[in-house]
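J.: with the input below, show me the fold.
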Amino acid sequence: MTASGSHGFLYDCNKVLSFSNPDHLFVIYFLLLQKKRPSCEAKQAKKSSVDLGPKVSLADRMKVLRDKEEQWKSRGKGAANDSVQFTVAGRMAKRGLVTDTGKDESPLIALKKCNATPVKPLEEISSRTDVKVEGDKRLDKLESFLDKLHSKGVSKNKISTVEVTAETEKEVMTLDDDETFGNFYKTVSPTSLHDSSMVLTEEDFSQIHTNTPKLTSAVTEHKRAVRPPRRNQGSRNPLRALAARNDIRQVYTEQRLNVASLETKRIQVERMAKHSKSNLADVALAGLASKENFRKINLRSVKSTDVVTNNSTLPFNKLMLIRIKGRRHIQVRLVEPTSHSLNSGDCFLLITPKQCYMWSGEFANVIEKAKASDMAAFVQAKRDMGCKASQVTVLEEGINTDTRWAKEFWTLLGGQTPYRGAGEPEEDELYETGVLDSNGVYRLLGDKLVPHEEAWASIPSVSLLDSKEVLVFDFGSEVYVWHGKDVPLGDRKVAVKLGKQLYSGSYDYSSCRVNPLDASCLNTDVPQQGEGRPSWALFGRLSEHNETSLFREKFLDWAERKKEEAAQAEEIKSPVHSIDRPTLDLELQPCDAKALLDNEPASVKTLLEGVNVQRGRGLVRADDGRQAELATIAVDSWHIKEHGEEELPEESLGQLHEGDTYIIRWKYSITTLVGKRQKPGELSAGTPGRERTACFFWQGSKSSVSEKGTSALMTVELGSHRGSQVLVSAGKEPPCFLQLFQGGLIIYKGSRENSANSTGGWRLFCVRGEAEVEASLVEVDCQRASLRSRASLVLLNAQTAVLFLWHGCKAHAGARQVAKRAADKLTQRCPSELGLSSSVKVEEVEEGSEPTEFVKALGPLDKKAYDCMLQDPGKYNYTPRLFRLSASSGVFEGEERLYPARVSEGVMAMPFLQENLYSAHQPALFLLDNRMEVYLWQGWQPDDTQCTGSAKMRWNSERKCAMETVLQYCKEKNPRRPPQAYLVLAGCEPLTFTNIFPYWEKDTTITSKTEGPKNKVMLVKEALSRLSKQQYSIEELTGKQLPEGVDPLRLEDYLSDQDFKTLLEMSRVEFNALPNWKQKNLKKSKDLF
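T.: Residues are numbered from 1 along each chain as shown. Now for the predicted structure:
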């Protein structure tokens, strides 16, 4: 593809025009200039271009282009100024740094005429025994750790037969010396031995008969064969005679078998048989079976800049000077960290663990500056190469070289010394091509490093990197061992040793046009041949996806490998006060109340396998973003016990107990919808989607810890590594979970094992849910205090088969429809857990007109048992809002707690539970907006023995900020008539507060902690005035109970000037002049401490 110019030339558009190339810059400027100034010459050139026609070759047209360039350079003052001022060569010429005689003085100008070809190594690099190379300690430690795990785990590939594991030779008891025998045997005199000896005569031998059988058996022959020679005189001691024999072995071989290890593994297999369905790896099983003690482990401070690792081959040094030079493909190279390595024509980065400097030469081109700026920003932001600098310090030659940061820069380089100026304008491109001669790439084949023929002496490409290969890159001053993620540990260790052998071995750059170890190309002290790299050079090991920026910049086509973040399940909270967190301030400030009011909750979002299933039915967005229809295929449930599970029958689906845990498996499909051409407004289903699975493990509020753990493990096994696993807590069920039961979900008190004994009598259930298919019944205490004027409840007697559907006077129409659906579902299914018969009598009851049987079931009529709203004229068509106020992050802020099954439109009368308040880390602060009034709920504080004085002061500061936030919230809500704000303490909540929740259980332990007259409900403004009081009497400060909000370490500050002088007998000025120890002793003597 070509572009025709106005002066009759063609230019190849596939070539890239670079603004940093002087030739290309002239072309661009020429085209723009001629387009702006249509002169006679332009018309004549256009005419000549027509005359040339298609017969003119491309070379001739390029010649015309060059002629026009020369004409442009010599035409007028403006063009000449452009050619001089807007290029590096022009600026250098203006300063008188480029001369005709000086071109030959540049050390790199000779490269233009040099045609040397790099010499490839003739021999492969193999392991040498005469060179001692230390391996990577981190790899050795990893190998030992994996071996330990494998030894603990259960491996299916190991031998399971009995074998000999070791053979050792054991020595039989050897005979000792004469002294030992003398001590063992009793000494007998020769005379006594002679007296007791037996004397044989010839008559004794005559008694032997001639027909006596002789010993001719194999045993006899054996004894004769091993009989000692007759010529040696036999010893009277049989043990000594036995020791003198040489034909009897004195050692035996002991064999050790692997019976014990096989038996141990068999026992482990039996213990972990329940994990067999999960198909976990051996190492994973070993990790689960191991027991580690972390008590002696000390955590490292995050403020430390040292890189704590056992890796002896880190891919960076503590002090690195990086040179950035080039024009087309920038060369980023490590050079010696001294001022001699600098020059005025390039950019440099100086990186330490705490600083990151960018130094720009006066005549560095814009491409070098842009590359240096990008790389410095990446190193600082990503903490690359061990740099934890808080900012990038930019130094420009001739501009800010006398600042404090510049002095630190020169100090790190060993002092400011003269350095080389800028080279010729052509030097950048010559250096780019010349430095490539020293590039070397090796591949690990077996136990040898083999040169990579295609990648030798060229710019490496990312196509070389393979997850199953090990490569060694030699860039002269940098040697890297790179391995993929699938490379075995043994190959990694071999590659590191061979790489260190290459790094510490000899090098020869005599055939290369540029010596990579000499940054200035003028230092004669740096030889082109030598043994071992300099001390400032770098040897490092890199793994896939963990490369440093210094390594990445060596590649021609490196693309940042983006890792897609795994979609996380939506947290049921919405931060509404998100600000840039400044440095921590000792004085907390109240949060923005207007931001709390203006926060708009997001819609319900539940991600399963990357798809937002929303409420679990209807139309959703598929993986590819197209509209799809979600349909339920099947729903199964299991009851989890402590030592197993039990699959529930279909009629018990949705019958849960608060003391148990259950697993609900949902099988569903997502079918993409396509449009019809005949009727564009309609959609038809395409090919049915694949079957998907989601496992919910539901945990009751009073279930045991072991049952919760068993349910989590069973969820993984049922999922078979496919589908999603979702934890669901009682009372926080998402809508996609609720719709599985189509309004038939019932949560009973107690456990399933004890439910058979509680089917008699009256039972009361609270109705929850915002849609009919999401309706659920929660069993509450069968008493009048459980009634709510804004809700509907179900009163059931299984024995008489009577069901009352009770509606509060302020229950809205949507809640009534949900309650009817729940009651109809109950009567249709008649679950066995309730003990119902096939027919149930249903009667709807309105608040205030309850029948006698209903009144008897709940006790005598007492409208003070709950917050009855029969006399209240309000419509109550609003949804309460709940905010958590906390300063745990260092800044006092609020976040809204959202109802998991919320709807964007409609009224949610009771979206929150008591658990939202009591399950938070105490002490806690919550703002509850009930439209007519606003409550500040204050949690309980730990005992004095568990709470320090500083924690109390911090708590008082948070309380003060919360009160100020609540008052500001009321003003923002209604500036003309702000609602009243009340302070409510945990355990002392009034009925108007507890009836905002669907059910409430009194906790006697918390009530005992907060007993006292001060715990009555009071206005927030009054509590704030008490907490903000700054002056007290002597009696109040010296009493046993200190006033609320007083700092016990600064009691003297709360005295008036008169009381201060009366109690301490001196003025404040005199008191402050005393040493600290005297101040403390004086306050102790006056009971002010």
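
J.: only the buried residues of the helix or strand containing Glu270, if you could.
T.: Per DSSP states H and E: Glu270 is located in helix 259-271. The neighbour-count check on helix 259-271 (16 or more other CB atoms under 10 Å) flags Leu262, Lys265, Gln268 as buried. Backbone N, C-alpha and C define where each C-beta goes, glycine included.

J.: phi, psi of Asp929?
T.: Dihedral pair for Asp929: phi -100, psi 110, per degrees, to the nearest 10.

J.: cool, and Gln980?
T.: phi -70, psi 140.

J.: give the contact list for the nearest residue to it once chain neighbours are set aside.
T.: Distances taken as CB to CB, 6 or more residues apart in numbering put Glu933 closest to Gln980, at 5.2 Å, once the chain neighbours are dropped. Shown in contact with Glu933 (CB atoms under 8 Å, 6 or more residues apart in numbering): Pro979, Gln980, Ala981, Tyr982, Thr992.

J.: repeat for Ala901
T.: Shown in contact with Ala901 (CB under 8 Å, 6+ apart): Val604, Glu733, Pro734, Pro735, Leu738, Gly769, Glu770, Glu774.

J.: same thing but 10 Å
T.: The neighbourhood of Ala901, defined by CB atoms under 10 Å, 6 or more residues apart in numbering, consists of 604, 615, 732-739, 768-771, 774, 776, 908, 911.

J.: are any of those buried, and which?
T.: 604, 615, 733-739, 768-771, 774, 776, 908, 911.

J.: in strands, which of those fall?
T.: Arg768, Ser776 (DSSP state E).

J.: neighbours of Val705, how many?
T.: For Val705, the neighbour count with other CB atoms under 10 Å is 7.

J.: again with the one 4 residues further on
T.: By the criterion of other CB under 10 Å, Gly709 has 13 neighbours.

J.: so that it lines up with my notes, have the first residue be 444 from now on.
T.: Yep, numbering from 444; the last one is Gly1152 now.

J.: helix or strand for it, which one?
T.: Element membership for Gly1152 (DSSP H and E) is helix 1148-1162.

J.: low-confidence bits of the stretch 744-893 of the chain, can you list those?
T.: 744-755 (pLDDT under 70).

J.: could you pull out the strands for it?
T.: Ranges of strands in the stretch 744-893 of the chain, per DSSP state E, counting those that start in this stretch, are 763-768, 774-778, 790-794, 799-803, 836-839, 883-888, 891-894.

J.: just say which of these is most tucked in.
T.: By mean neighbour count, with neighbours taken as mean count of other CB atoms under 10 Å, strand 790-794 ranks first of those at a mean of 26.

J.: what angle separates it from strand 799-803?
T.: 160 degrees (axes from the mean of the first three to the mean of the last three CA atoms, to 10 degrees).

J.: on that earlier part again, for the helix holding Glu713, packing partners?
T.: strand 607-614, helix 725-732 (3 or more CB pairs under 10 Å, 6 or more residues apart in numbering; DSSP states H and E).

J.: and these, which one is worst for confidence?
T.: In terms of average pLDDT, helix 725-732 trails the rest of the helices and strands packed on helix 702-714, at a mean of 58.

J.: where's the dip in pLDDT among the buried residues of helix 702-714?
T.: Among the buried residues of helix 702-714, Gln711 has the lowest pLDDT, at 73.

J.: from Asn701, how far out is it?
T.: According to CB to CB, to the nearest Å, Gln711 and Asn701 sit 15 Å apart.

J.: before we move on, what about Ala1265?
T.: Applying CB to CB, the value for Ala1265 to Asn701 is 64 Å.

J.: show me which of these two is the more surrounded one.
T.: Legend: neighbour count by other CB under 10 Å for Ala1265 and Asn701, higher for Ala1265 (26 against 18).

J.: that one: helix or strand, and which one exactly?
T.: Per DSSP H and E: helix 1256-1272 holds Ala1265.

J.: what does the helix or strand following that helix rub up against?
T.: Where DSSP H and E defines the elements, the next helix or strand beyond helix 1256-1272 is strand 1284-1289. With contact meaning CB under 10 Å, 6+ apart, strand 1284-1289 is reached by 1235-1240, 1243-1252, 1254, 1259, 1262-1263, 1266-1267, 1269-1270, 1294, 1296-1297.

J.: list the pairing partners of strand 1284-1289 within its sheet, with orientation.
T.: strand 1245-1250 (parallel) (DSSP bridges).

J.: tell me the angle of the partner strand relative to helix 1256-1272?
T.: When the same axes, to 10 degrees is applied, the directions of strand 1245-1250 and helix 1256-1272 differ by 170 degrees.

J.: in strand 1245-1250, what counts as buried?
T.: Buried-residue list, strand 1245-1250, by 16+ other CB under 10 Å: Val1245, Leu1246, Phe1247, Leu1248, Trp1249, His1250.

J.: likewise for stretch 776-788?
T.: Buried residues in stretch 776-788 (16+ other CB under 10 Å): Arg776, Leu777, Val778, Glu779, Pro780, Ser782, His783, Ser784, Leu785, Asn786, Ser787, Gly788.

J.: same check, this time on stretch 799-817
T.: Neighbour-count burial for stretch 799-817, with 16+ other CB under 10 Å as criterion, is recorded at 799-808, 810-812, 814-816.

J.: repeat for stretch 1080-1091
T.: In stretch 1080-1091, counting by 16+ other CB under 10 Å, buried: Ser1080, Trp1081, His1082, Ile1083, Lys1084, Glu1088, Leu1091.

J.: who's in contact with Ser1198?
T.: With CB under 10 Å, 6+ apart, Ser1198 has these contacts: Gln1098, His1100, Gly1102, Asp1103, Tyr1191, Lys1192, Ser1275, Glu1276, Leu1277, Gly1278.

J.: low-confidence ranges in the stretch 444-593 of the chain?
T.: Ranges of the stretch 444-593 of the chain meeting pLDDT under 70: 444-498, 515-566, 571-593.

J.: which residues in the stretch 994-1143 of the chain form helices?
T.: For the stretch 994-1143 of the chain, the helices defined by DSSP state H, counting those that start in this stretch occupy 1036-1041.

J.: how about the strands in it?
T.: Counting by DSSP E, counting those that start in this stretch, the stretch 994-1143 of the chain has strands at residues 1016-1018, 1050-1051, 1054-1055, 1061-1064, 1070-1084, 1087-1090, 1098-1100, 1104-1118, 1126-1128, 1134-1142.

J.: Glu1407 is nearest to which of those?
T.: Judged by CB to CB, the one of these that comes nearest to Glu1407 is strand 1016-1018, at 20.1 Å.

J.: mean confidence for the closest one?
T.: 41.

J.: repeat for stretch 1277-1296
T.: Averaged over stretch 1277-1296, pLDDT sits at 86.

J.: now do stretch 1358-1372
T.: Confidence for stretch 1358-1372, expressed as mean pLDDT, is 90.

J.: ok, Tyr862 to Asn966 distance?
T.: From Tyr862 to Asn966 the distance is 11 Å (CB to CB).

J.: what is in contact with these two at once?
T.: With CB under 10 Å, 6+ apart as the test, Tyr862 and Asn966 both reach His783, Ser784.

J.: circling back to that earlier point, then the helix holding Glu713 to CSV, C-alphas only?
T.: This file holds the C-alpha atoms of helix 702-714, laid out as CSV (Å, rounded to 0.1, in the frame of the first residue of the first chain):
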residue,chain,number,x,y,z
VAL,A,702,7.0,-54.1,57.2
ALA,A,703,6.6,-51.3,59.7
SER,A,704,6.4,-48.5,57.1
LEU,A,705,3.9,-50.5,55.0
GLU,A,706,1.7,-51.0,58.0
THR,A,707,1.9,-47.3,58.9
LYS,A,708,0.9,-46.3,55.4
ARG,A,709,-2.0,-48.8,55.4
ILE,A,710,-3.3,-47.1,58.6
GLN,A,711,-3.0,-43.7,57.0
VAL,A,712,-4.9,-44.9,54.0
GLU,A,713,-7.8,-46.1,56.1
ARG,A,714,-7.8,-42.8,58.1
